[in-house]
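Visitor: Have a look; sequence and predicted model below, questions after that.
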Amino acid sequence: MKAKRTKLEIIRDMLNILQRNRKVKITHLIYKANLSNNSIKPYLDDLLKNGLVEQYAEDDQKLFRITMKGNEFLMEFSKIKVFSESFGL
Amino acid sequence: MVITMEWTLVFGRFYGIDSFVELLTVIVCFVISFYSIRVYKLIKDKNYKFFSIAFLLLGISFLFKIFSNITFFNKFQVHEANFVLTIISHFRFVELINFFSFTFYKIFHIIGFLLLFLTLTKNEDKEKTWLFIYLSVIVVLFSIYFNFVFHLTLVFILIYLALYFYENYRKRENINSFLVFISFLIILTSHLFFIFSDVSNLFYFTGEVFLLIGFLCLLTNQVKLKRETKVLRRNK
């Protein structure tokens, strides 16, 4: 059985999806990130609050895209993961 | 008869080796603190912020320890044909600086390790936190006059931290978590020796050696982390 993803890994997966696709709808993000309608909310709220993702409207649709800070996080991710795992953070 | 008078500045015990060890620990603490705050700025997870503050406090505490090691005294010698009379006088203000810097070292050190413990064990119970703070204030007050109380308290906090890092190592089973566990175990051993540092200088010296090895393990972990991520990025 595959191990449960950590918070950091879920954030990484969501950002990876947003990096690969320019326009992402919430339903697309839920499906691709393998999350439920309820479970995606706190992660997405965190990403928006921390400026890793931004929300915008196009043709009356709510869309999401990755920010510069989000890209920076993805580049740093492997280091952050090793760091947090070594200290059990 | 020849009379000589000289001012002497000493950087610590054992020709200042202890101050050198502490300078290295300051660097290691600041490196960990700096990286942790960078992570906090990216993901705004409070654990990383408190973790960073804990290592910052530990780094500052070691800076105070270096100050407390510095001694400045006046050596007055009278050389006669068959005897030498030496009078060493310490300056009152230097003694005061030593006392206050050593006290600040203890305060920052206990708060630093306590904050690390509370952050890692993810204690969100506010009443418990206040109890810890109250107890640490009592411990600090006692530690000012009884050195062994300070080290004994740290031994207890470090036992919990070492156990936490052991559990983390069992869960992750990688070399990085092992290095962190080993480093805290060695730092714990160093404080076991420091308990008896008032009895003999040998205990103090052995404690400093263990402290050096412990923080070198943490430094190795940070260096490995940087190298591993470079390899990971290249393989992507």
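Guide: It's in.
Visitor: Near chain A, which residues of chain B? Just list them.
Guide: B:35-36, B:38-39, B:42-45, B:47-48, B:51, B:120, B:164-165, B:167-168, B:171-172, B:174, B:176-177, B:179-180, B:221, B:225-226, B:228-229, B:232-233 (Cβ under 8 Å from any Cβ of the partner chain). Any C-beta I mention is one placed from the backbone N, CA and C, and that applies to glycine too.
Visitor: quick one: the helices in the chain?
Guide: Picking chain A for this. A:7-20, A:26-32, A:37-49, A:68-87 (DSSP state H).
Visitor: um, chain B though
Guide: Assigned by DSSP H, chain B shows helices spanning B:17-43, B:46-69, B:92-120, B:126-145, B:147-172, B:175-194, B:201-235.
Visitor: Include mean neighbour count and distance to chain B when you put the helices of chain A into a markdown table, please.
Guide: Formatted as a markdown table, the helices of chain A follow (neighbours: other Cβ atoms under 10 Å in any protein chain shown; distance: least, Cβ to the nearest Cβ, whole Å):
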| stretch | mean neighbour count | distance to chain B |
| --- | --- | --- |
| helix A:7-20 | 18 | 7 |
| helix A:26-32 | 15 | 18 |
| helix A:37-49 | 14 | 7 |
| helix A:68-87 | 19 | 4 |
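Visitor: Tabulate these (TSV), appending distance to residue B:150 and mean pLDDT.
Guide: Listed next are these as TSV, based on distance: least, Cβ to Cβ, whole Å; pLDDT from 0 to 100:
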stretch	distance to residue B:150	mean pLDDT
helix A:7-20	36	88
helix A:26-32	52	88
helix A:37-49	40	87
helix A:68-87	25	85
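Visitor: show me what contacts the residue nearest the centre of chain B?
Guide: In chain B, the residue lying closest to the centroid (Cα atoms, centre = their mean) is residue B:62, at 5.0 Å. Listed by Cβ atoms under 8 Å, 6 or more residues apart in numbering or on different chains, the contact partners of residue B:62 are B:22, B:23, B:25, B:26, B:29, B:105.
Visitor: Ranking by neighbours, what's the top pick from those?
Guide: residue B:22 (26 neighbours; other Cβ atoms under 10 Å in any protein chain shown).
Visitor: Could you find the closest non-adjacent residue to it?
Guide: Nearest non-adjacent residue to residue B:22, counting by Cβ to Cβ, 6 or more residues apart in numbering or on different chains: residue B:62, 4.6 Å away.
Visitor: can you pull the contacts of residue 29?
Guide: All of this refers to chain A. A:14, A:17, A:18, A:35, A:40, A:44, A:64.
Visitor: should've been chain B
Guide: Applying Cβ under 8 Å, 6+ apart, we find residue B:29 in contact with B:55, B:56, B:58, B:59, B:62.
Visitor: and the gap between it and residue B:132?
Guide: Applying Cβ to Cβ, to the nearest Å, the value for residue B:29 to residue B:132 is 21 Å.
Visitor: ok, now residue B:223?
Guide: 33 Å.
Visitor: repeat for residue B:218
Guide: For residue B:218, the distance to residue B:132 - Cβ to Cβ - is 24 Å.
Visitor: Neighbour count: the two, which is higher?
Guide: Ranked by neighbour count (other Cβ under 10 Å), residue B:218 and residue B:132 place residue B:218 first, with 24 against 17.
Visitor: which residues touch the residue nearest the centre of chain A?
Guide: With distances taken as Cα atoms, centre = their mean, residue A:14 lies nearest the centre of chain A, 2.9 Å away. Counting by Cβ under 8 Å, 6+ apart, residue A:14 touches A:29, A:33, A:43, A:44, A:47, A:53.
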